[in-house]
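Trainee: pasting the sequence and the predicted model now:
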Amino acid sequence: MKFGGTSVGNGERIVNVARLVLKEKPPVIVVVSALGGVTDKLIGIANRVVELPTHVVEKEVGLFYRELLLQHRNAVLEAVGDKRVVSEVLPKITELADQLKVALLGVGYLEDLSPKSLDYIMSFGERLSVVIVAGALSSMGAKAVSLTGFEAGIITDSNFGHARPKHVLMRDEVKKRLLPYVKKGVVPVVTGFVGGDEKGRITTLGRGGSDYTASLIGRYINAKEVQIWTDVDGILTTDPKIVPNAKLISELSYVEAMDLAYFGAKVIHSKMIEPAMVVNIPVRVLNTFKPDCSGTLIVSKQKKIQEVIKAIAITKDVVILNLQGIGMAETPNIAGRVFSVLGGNNINVLMISGSSESNLSFVVKAKDSERAIGLLTEEFGNGDIRGIGTIPEVCVISVVGAGMHGTKGIAAKLFDTVSQAGVNIIMIAQGSSEVNIAFAVSAKDSKSALEALHKRFIG
């Protein structure tokens with residue numbers, strides 16, 4: 001059972017989480033995120049103190065320390081009803097806050113924030129929250145223990161900030177470290193997002209990493225089910241902020257869910273599907289605040305529905321980059337070099353389309369576009385490409401549904417619908433799974449396209 005930041009936003013919500021855990025038929029393993037907003041605060045203070053004059057650092061860190069400690073102490077006093085447990089939890093919270101304070105002072109005085117240091121600082125959000133959740137469970141009569149991801153067997157490489165699991169090591173370690181607790185009737189409460197390399201140094205799995213943690217643990221203990229508890233009823237047919245009559249999807253296949261998550265459905269993270277998919281473990285998305293809602297079940301079988309299309313996702317704040325040049329057609333492995341340069345610098349390519357041997361178009365996040373241009377200009381400064389053009393303020397719309405596989409004329413109907421809405425399509429790509437067609441439109445036209453598609457194909 002994984003609970004996100006909104007679910008554990010304060011002491012009252014942590015009590016609700018503890019009750020949900022106790023209602024579940026044991027054995028249960030719990031994965032939690034930091035209290036809502038804490039990770040962003042940690043990133044903010046870490047980046048801020050690096051830029052401050054040395055004489056201001058101590059004051060700024062002290063202020064942050066007191067605010068963070070107060071927030072978590074208040075959560076303890078709200079969530080933990082047993083005074084004996086409170087007396088055990090509060091010192092742990094203070095000790096962790098003290099360790100964080102030392103780290104922030106060190107970063108500020110040295111004026112150096114490495115990815116390794118940032119991972120260490122970010123980890124305190126989850127390390128604090130697991131102590132409180134375990135305390136809440138203990139105060140309700142359960143046996144519970146708080147663990148970091150590393151203590152639970154989440155062993156990664158040393159790519160700080162975007163660490164990758166070392167599956168060969170984790171296969172045995174997760175069982176070895178967690179199952180003894182489970183067999184004794186103890187509920188392990190594990191930090192989401194946080195792992196450790198082979199030397200025990202703290203790493204993080206990237207944003208969305210708490211979902212990933214839960215799925216990895218589910219895989220290696222052969223869980224009956226992985227539950228993602230969030231603040232919405234499940235996965236919807238589209239963004240309800242754009243299309244208010246978006247509907248709950250009762251069932252999705254792994255492939256459909258991965259495509260939706262990849263292209264903007266923020267309820268789950270795309271990389272969390274794969275570990276469950278490898279061993280065929282169902283994933284269920286549920287609402288912490290409406291636990292009686294059936295949610296969305298994600299399973300292996302692609303269930304076709306009459307409407308063919310199940311959902312439409314939207315990815316905002318992206319830019320199209322166009323590489324052009326006659327030399328591209330005569331240069332071996334130019335596409336491989338392009339994507340190796342970008343991938344090696346943690347720039348994710350969302351969509352690719354090549355219209356000819358002398359042109360290659362792809363989509364990146366707007367925040368990465370300038371850095372991508374700089375890296376590619378440096379790599380191909382010898383004339384292999386004539387220039388790099390950009391199309392800013394773009395959105396990618398992805399239409400997903402198992403029913404699209406083998407359905408004739410579906411692409412024509414999609415593009416006709418978009419055209420009838422007065423929207424121009426800039427770029428098109430179709431996934432090899434045949435359950436997804438993605439295309440880019442101008443950001444100003446995205447709402448019209450989304451509404452038209454949802455009305456025609458979903459209702």
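Mentor: That came in fine, so what should we check first? Numbers count the residues shown, from 1 in each chain.
Trainee: how about residue 377, phi and psi?
Mentor: Torsion angles at residue 377 (phi, psi; degrees, to the nearest 10) stand at phi -60, psi -40.
Trainee: residue contacts, it?
Mentor: Residue 377 is in contact with residue 388, counting by CB atoms under 8 Å, 6 or more residues apart in numbering. Backbone N, C-alpha and C define where each C-beta goes, glycine included.
Trainee: how far away is it from residue 225?
Mentor: 48 Å (CB to CB, to the nearest Å).
Trainee: dump the residue contacts of the closest residue in space to residue 43 that isn't next to it in sequence.
Mentor: Leaving out its chain neighbours, the residue that sits closest to residue 43 by CB to CB, 6 or more residues apart in numbering is residue 122, at 6.5 Å. By CB under 8 Å, 6+ apart, residue 122 lies in contact with 39, 42, 43, 46, 193, 194, 204.
Trainee: do residue 216 as well
Mentor: By CB under 8 Å, 6+ apart, the contact list for residue 216 reads 154, 165, 170, 174, 275.
Trainee: wait, isn't the last one in contact with residue 211?
Mentor: No: counting by CB atoms under 8 Å, residue 275 does not reach residue 211; the two are 10.1 Å apart.
Trainee: distance check, residue 143 against residue 22.
Mentor: 11 Å.
Trainee: out of the two, which sits in the busier spot?
Mentor: residue 22 (15 against 12; other CB atoms under 10 Å).
Trainee: where do the strands of the stretch 201-350 of the chain begin and end?
Mentor: Using DSSP state E, counting those that start in this stretch, the strands of the stretch 201-350 of the chain run over 202-204, 226-230, 251-253, 283-287, 296-299, 311-324, 349-356.
Trainee: circling back: element containing the residue nearest to residue 43?
Mentor: For residue 122, the host element (DSSP states H and E) is helix 115-139.
Trainee: any buried residues in that helix, and which?
Mentor: The neighbour-count check on helix 115-139 (16 or more other CB atoms under 10 Å) flags 115, 117-139 as buried.
Trainee: emit the ChimeraX select command for whichever of the contacts of residue 216 are buried.
Mentor: The following ChimeraX line selects those of those that are buried, judged by 16+ other CB under 10 Å:
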select :154,165,170,174,275
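Trainee: who does the residue lying closest to residue 239 once chain neighbours are set aside bridge with?
Mentor: Spatial nearest neighbour of residue 239, chain neighbours left out: residue 314 (5.8 Å); criterion: CB to CB, 6+ apart. Beta-bridge partners for residue 314, by DSSP bridges, are residue 397.
Trainee: follow-up on the earlier one: of the contacts of residue 122, just the buried ones, PyMOL syntax please.
Mentor: Applied in PyMOL, the following selects the buried portion of the contacts of residue 122 according to 16+ other CB under 10 Å:
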select buried, resi 39+42+46+193+194+204
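Trainee: just checking, which of the contacts of residue 122 belong to helices?
Mentor: Counting by DSSP state H, the contacts of residue 122 place 39, 42, 43, 46 in helices.
Trainee: for residue 165, see how far away the nearest residue to residue 159 once chain neighbours are set aside is.
Mentor: Distances taken as CB to CB, 6+ apart place residue 203 nearest to residue 159, at 7.5 Å, with adjacent residues excluded. According to CB to CB, residue 203 and residue 165 sit 10 Å apart.
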